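Q: Let's see this in three dimensions:
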Amino acid sequence: MKHARALSGLLTLALLCWLGYAWFFPPDAVLIERRIHRLVALFPVEKQESIFVQALRADQIAEYFSYDVSLDLGDISRSSQDIHSRLELRQTVAAVRNRFSGLRLEIPSLQVKVNEDAQNADVRMGVLIWQGEDPTPLAEEVRLTLRKEHGTWLIALVEGVRETTLPVAVR
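A: Below is the predicted model:
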């Protein structure tokens, strides 16, 4: 009986250690998913947003991207742009957010694949975009390439996907 109790206590301790390790040191794919969801939460544009809030949001969003990010949204924005500094990225983000009043994003599907080197990752995600009072969202698929820089996953490439393969359902 003593051995069963000791074994039960040892198994419980091992389980708690494993859960604690998984909680404090999640896999890279989980870290990337969390990071992308936090980024998307920064994008909404409130009506009559102050210049201070616009600048703050642009600054916060820029922190999720590498210094040499490439944006190629193709059909979504009909533009391609290489950005070579955080200042340039902040200006681009502020201009995009300033153009859309009432902008709101949602990610109904997200796939993360971390490369074997654990320094690069590819993400495909479906994005629903609401603009202003329009109740019908625009459904798009976007591909991101992320790089781990100084222990942080940063977006290095953003591409609009022409052939949608993910389920991007309008709810």
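Q: how much space is there between residue 152 and residue 120?
A: Using Cβ to Cβ, to the nearest Å, residue 152 is found at 13 Å from residue 120. Backbone N, C-alpha and C define where each C-beta goes, glycine included.
Q: And the nearest residue to residue 137 once chain neighbours are set aside, its phi and psi?
A: Here the nearest residue to residue 137 in space, its sequence neighbours aside, is residue 128; by Cβ to Cβ, 6 or more residues apart in numbering that works out to 4.1 Å. Per-residue torsions, residue 128: phi -100, psi 130 (degrees, to the nearest 10).
Q: Report the beta-bridge partners for residue 128.
A: Beta-bridge pairing for residue 128 (DSSP bridges): residue 106, residue 139.
Q: Tell me the confidence at it?
A: Per-residue confidence (pLDDT) for residue 128: 84.
Q: and the residue nearest the centre of the chain, what helix or strand is that in?
A: In the chain, the residue lying closest to the centroid (Cα atoms, centre = their mean) is residue 36, at 1.7 Å. Using DSSP states H and E, residue 36 falls within helix 28-42.
Q: now for that helix, which elements pack on it?
A: In terms of contacts (3 or more Cβ pairs under 8 Å, 6 or more residues apart in numbering; DSSP states H and E), helix 28-42 is packed against helix 51-62, strand 104-114, strand 120-130, strand 138-149, strand 152-160.
Q: That one versus strand 138-149: what angle between them?
A: For helix 28-42 against strand 138-149, the angle by axes from the mean of the first three to the mean of the last three Cα atoms, to 10 degrees is 130 degrees.
Q: Nearest to residue 4 among the helices and strands packed on helix 28-42 would be which one?
A: Each of those has some distance to residue 4 by Cβ to Cβ; the shortest is strand 104-114, at 41.1 Å.
Q: In this structure, where is pLDDT below threshold?
A: Low-confidence segments of the chain (pLDDT under 70): 1-3, 6, 10, 14-25, 73-81, 162-171.
Q: try 50 this time
A: 169-171 (pLDDT under 50).
Q: re earlier: closest to residue 9 out of the helices and strands packed on helix 28-42?
A: strand 104-114 (35.9 Å).
Q: next one: that closest one to chain centre, how far?
A: Distance, stretch centre to chain centre, for strand 104-114: 7 Å (Cα atoms, centre = their mean, to the nearest Å).
Q: Can you mark which positions in that strand are buried?
A: Within strand 104-114, the residues scored as buried using 16 or more other Cβ atoms under 10 Å are 104, 105, 107, 108, 110, 112, 114.
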